[in-house]
Every structure is written in C-alpha cells, then in structure tokens.
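# Build me a model from this:
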Amino acid sequence: MLDSESLLVSQRAGPAPNKPAIVLFDVLLFVALFAQLGLIAIVRFSRLERMKSWYLLLITSTAFCASFLLLVGHQTGREPPANFCTFSAGLIYAGPPMISAAALFLVIELHLRLTSVLFGRKISSSFIYWAVGGVAVSQGIPFWMALTIGLSDTAVIRRDPGGVYCHVVGSEVPTWLTACFVLGYGIVMLGMEVTTARHLFQQRKSIRPSKVPVRVRSSDFPIHLFMRTVLFTLTGIFAMVTTLVMNVVDFNNSSFSLLPIIPLAVVVIFGTQEDILRVVFCCQRQRRFDPATAAEDRRVGGDGGLGAKKESDSSAV
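Residues are numbered from 1 along each chain as shown. Coordinates of the predicted model:
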C-alpha cells in the first residue's frame, strides 16, 4: 500500500511554472501577512478603538494569505502529495468566501451604527457572534466540498499550472460555489452601502433647511470611513471576480497575480487611518480642547453612536 502511494506521488510531476512570478506572488503575500499582523498588534497595544468586525476582517485576510503560503516549497518541481494538495485546495476555495463574509459583516455593522445614530435603534450585542458564525459557514461549505471531491478521487486534485495553489481539475462545482458566495456577498455589500449613502443624504438634506444651527459631527457622519468600505468592496469584487473568470477561461494561467490585491487592499485601506499613522510615526499630536465637544461627548457616552472614545476616526474601521 505504501509502495503504491509512493509511486503515485512520484508520478505527480507538474509543468514548469514561472519562478519569478511565484517569488513575486509569495513576497506580496508575505508582506500583506506581516503587515496585517502588525496592524492588529498596533491597534491592540496602542489601545485604539476598533469595531470587532474590523478585527474579524483582518483575521480572515491573514488566514487568506496563509492559505496560499501553505504551499511554499511545493510550488515548483514535483507536485505536492495528494492529501496535502487536497487540504490546500480546500483552504484556497474557502478563502474568498471567508474574507467576503467578513467584509460584509463589517459593512453591516457600520450601517447599523449609522442607523443607531440617525434613528435611535439599538445594536444587538450578539451581532459579532452572528458575524463569526456567518464567516465560519461561508468558508466551511466550499472547504468541505473541495475536500470531499479530492478525497473521493485524488486524481482530480492538481497544482495549478501557475504553481501557486492546488485546485480541483475534474469538477467546476467548487469554483462556481466560491464564485456564487463572492458575488452574492458583493451584491449585498453594494446594496448596504447604497442604503447607507441614502440615509446619510436624507439626513443632511433634512438638516440643511433648518433655521436652528445644527452641529454635525464627523463621528455621526463618518464619510471617510464609509468611503473606505466602498473602496474595499469595489477592489475586492474586482480582484476576486476577475480571478475566477480568468481561471474558468484559463487565460494564460496568469490570474493568480491578482490575488494579493485583496490582502494588500486591506492593509492600505484600513491601515492608513490617522490614528494608526500617528502611532507608527510616533506623532502624538493632541487635538485642541473644545468644551462644547467635550460636553457633547459626555452626553452621548463618548462615542457619538459609533464607539469612538478618542477620535472620530479611531473607532469605526
């Protein structure tokens, strides 16, 4: 039995991938991986305020990087052992739905926090548990689907010609399942963002004709944070959908080069907030004390409905 398995492994010789492209791919993912771990450490040790779904997005994006880097050392030459390649393929198919679900719950929580300010609705404390459960289900279904197919017939599991991941070659079910999750979550995210923008527009429109001076704080209307979520949604959908389409049509086996865009976008979009940059560059500029602002902060519990205790930009995402 062992001899036959060894013979099968020895016969799994794949095509010669593009080594410079593989090195670039791995370097970008390593940079994104350590940058995200650094962001989590900075936020935690500097006591910056963030939503729990922000952490969920960073953690899932880190896992996304790790799922591809698991194959480092097996990307050229003889193909990986069948069982190892099957497990890796399951993680690869689970990665995009996992990070898409985390991004969706980030958008939902931001929307709920905005509506809590605008309409006085209370956010359930169990929201984060629903978010974690949704992410687990989203990555679990594609993972176990690919694992079941691969274990039932190891011959259908192969390393991609590009050399950077393992996948199922005998069935398009895992690919389309992943695509449906990503597209579905992307559509819902865009819908939530449009609804959020409509609420913000209506609120500003209702304030504008008022004769009584109304002070609209950035913590009540965090447009800069909202724009970050929209930018990440568009970037992530573009990268994932383009990659899936190029995989399906087998466009020169170069689609893998788009995958690092997703975790790098997380780093650039959510890691360049003002409070994080102040910590990184050791610039602790204090904002000018305003008695009216302090009184308003105390009145609303110091968070303006968005959980910001120190700065309007330090809490949401």
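# ok, how many other residues are close to the closest residue to Leu151 other than its chain neighbours?
Distances taken as Cβ to Cβ, 6 or more residues apart in numbering put Thr86 closest to Leu151, at 6.1 Å, once the chain neighbours are dropped. All C-beta spots, glycine's among them, are computed from the backbone N, C-alpha and C. Per other Cβ atoms under 10 Å, the neighbour tally for Thr86 reads 23.
# what about Thr86, helix or strand, and which?
Using DSSP states H and E, the element containing Thr86 is helix 82-119.
# Now that helix: average pLDDT?
The average pLDDT for helix 82-119 rounds to 85.
# Mind giving me the packing neighbours of whichever helix or strand comes after that helix?
Counting by DSSP H and E, the next helix or strand C-terminal to helix 82-119 is helix 127-152. Under the contact criterion of 3 or more Cβ pairs under 8 Å, 6 or more residues apart in numbering; DSSP states H and E, helix 127-152 touches helix 52-69, helix 82-119, strand 166-168, helix 173-207.
# Report the distance from helix 127-152 to the chain centre.
16 Å (Cα atoms, centre = their mean, to the nearest Å).
# Now do that helix and helix 82-119, the angle between them.
Put simply, helix 127-152 runs at 160 degrees to helix 82-119, going by axes from the mean of the first three to the mean of the last three Cα atoms, to 10 degrees.
# Can you point out the buried residues in helix 127-152?
Within helix 127-152, the residues scored as buried using 16 or more other Cβ atoms under 10 Å are 127-128, 131-132, 134-135, 138-139, 141-143, 145-147, 149-150.
# which element follows that helix toward the C-terminus?
Immediately after helix 127-152, counting by DSSP H and E, sits strand 157-159.
# follow-up on the earlier one: I'd like to know which of the helices and strands packed on helix 127-152 is closest to Val279.
helix 52-69 (15.5 Å; Cβ to Cβ).
# Might one say that Ser138 is in contact with Phe181?
Yes: using Cβ atoms under 8 Å, Ser138 is in contact with Phe181, at 5.8 Å.
# what touches both of these two?
Residues touching both Ser138 and Phe181 (Cβ atoms under 8 Å, 6 or more residues apart in numbering): 97, 100-101.
# Using PyMOL, define a selection of the buried residues within those residues.
This is the PyMOL syntax for the buried subset of the shared contacts of Ser138 and Phe181, where burial follows 16+ other Cβ under 10 Å:
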select buried, resi 97+100+101
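# Any chance of the shared contacts of Ser138 and Phe181 in CSV with distance to Arg47 as columns?
As requested, these are exported to CSV (distance: Cβ to Cβ, whole Å):
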residue, distance to Arg47
Pro97, 33
Ser100, 30
Ala101, 28
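# what angle do the helix holding Thr86 and helix 173-207 make?
Angle, helix 82-119 to helix 173-207, by the same axes, to 10 degrees: 10 degrees.
# For helix 82-119, buried residues please.
For helix 82-119, by 16+ other Cβ under 10 Å, it's 82, 84-115, 117-118.
# Span of stretch 152-160 from start to end?
Taking Cα to Cα, to the nearest Å, the span from the opening residue of stretch 152-160 to its closing residue is 19 Å.
# ugh, typo on my part, it should be stretch 240-259
7 Å.
# per-residue pLDDT, Leu39?
So, for Leu39, pLDDT stands at 93.
# leaving aside the residues next to it on the chain, what's closest to it?
In space, Leu39 comes closest to Gly271 once its chain neighbours are excluded; the distance is 4.8 Å by Cβ to Cβ, 6+ apart.
# same deal with Tyr185?
Ser100 (4.1 Å).
# contacting residues around that neighbour?
Counted by Cβ under 8 Å, 6+ apart, Ser100 has contacts 138, 181-182, 185-186, 236, 240.
# out of those residues, who's nearest Arg47?
Gly236 (28.8 Å).
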